[in-house]
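*Asks:* please work out how this folds:
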Amino acid sequence: MSSSTGHADHVYHSASQPSAAANSPIIASWRRCMTMHHLAPEKGSKPMILADPEFRRAREISAGLIAESTDELDRIFTTVGKAGCCLLLTNADGVALERRGASADDQDFRKLGLWSGAVWSEASVGTNGIGTALAEERSATVYRDQHFFTSNISLCCTTAPIRDHKGHVIGALDISTCRDDVNELTFSMLTQAVRDAAQRIEGNLFRRAFPGARILMLPPGKSSALSLLAVDQDDIILGATRAARLALRLDDAQLAAGIPASDALREDRHDRGAELAEAERAALRRVLSRTNGNITQAAALLGISRATLHRKMKKLAVS
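*Replies:* Here you go, the predicted structure:
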């Protein structure tokens, strides 16, 4: 029995068992490929390649994602490019918008479909790092014969989804290789690298969405996901990453209505009536800092007299 036939038989047998699918994300994906997308593991096919007009349109729609990912792609490629790895940045449909790969490996990667404009969704090429990560909206590593199609079992893929400032998945970052000398231990390090890079891209996208806002990072908790808040000058939350939304139990309606960051963070305020005094004290300290403690200049900036400023400073214990 050939390895291709053996792989196909294994996929059919495993996917036919609901209990196996419930316990394994890979087998659950195999089952989706067969029942939802009507694919057959032995009938492997290369990913569809978009025509130039469609590809240009996809890039235009994802211009912000591409712009905020370029530096990360370049940085990672300097580390993994010489190791025979290919990097792909895709949109939410699995379309490869950007690619990084060594020219010496181009022939192999093009043959496998690891190329700009290729569609790496589960519906297109079965279980794979990109398609499965997008389908499940979580990081996915698909190692060799975990791929659905027999034509892809030489590949090792590790992918992390990328979310926008509202927590919606808008793309994915993938590292793939077809080298024989890559083992699971080595690939686990690439898995962490791609997850870290995806989080940095999410941070870039979040800051891009809220220019001029103050960005707060939540204290470390049980999750290692990116937990950021965008806050305006009045301490009202403008936006929150998905991890921050989950940690603070925030939803779109609350954010639209406006919620103070201090309330969301459950900061202890023993005297709620003191908030106005605290805000005034903070304003005085900012102005004095800007004038390097010069009372005359600070009073002028505030539009009050030196005597009034002195009284406020004494009342609010500002030195």
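
*Asks:* what's across from the most centrally placed residue in the chain in the sheet?
*Replies:* Taking CA atoms, centre = their mean, the centroid of the chain lies closest to residue 162, which sits 2.9 Å from it. On the basis of DSSP bridges, residue 162 is bridged to residue 171.

*Asks:* I'd say it and residue 170 touch.
*Replies:* Yes - with contact defined as CB atoms under 8 Å, residue 162 counts as touching residue 170 (6.1 Å). Placement of C-beta: from N, CA and C, glycine included.

*Asks:* mind listing the shared neighbours of the two?
*Replies:* 65, 205 (CB atoms under 8 Å, 6 or more residues apart in numbering).

*Asks:* pLDDT wise, what is residue 272 at?
*Replies:* The score at residue 272 is 54. That number is its pLDDT.

*Asks:* any buried residues in the top helix by length along the chain, and which?
*Replies:* Taking DSSP state H as the criterion, the chain has its longest helix at helix 184-209. By neighbour count on 16 or more other CB atoms under 10 Å, the buried set for helix 184-209 is 187, 190-191, 193-195, 197-206.

*Asks:* least confident pick among the residues you listed?
*Replies:* residue 187 (81).

*Asks:* ranges for the strands of the stretch 151-300 of the chain?
*Replies:* Ranges of strands in the stretch 151-300 of the chain, per DSSP state E, counting those that start in this stretch, are 156-163, 169-177, 214-217, 228-231, 237-240.

*Asks:* looking at those strands, which is nearest to residue 50?
*Replies:* strand 169-177 (15.2 Å; CB to CB).

*Asks:* now that closest one: mean pLDDT?
*Replies:* Mean predicted lDDT for strand 169-177 stands at 97.

*Asks:* mind giving me the packing neighbours of it?
*Replies:* With contacts taken as 3 or more CB pairs under 8 Å, 6 or more residues apart in numbering; DSSP states H and E, strand 169-177 sits against helix 63-80, strand 85-91, helix 129-136, strand 156-163, helix 184-209.
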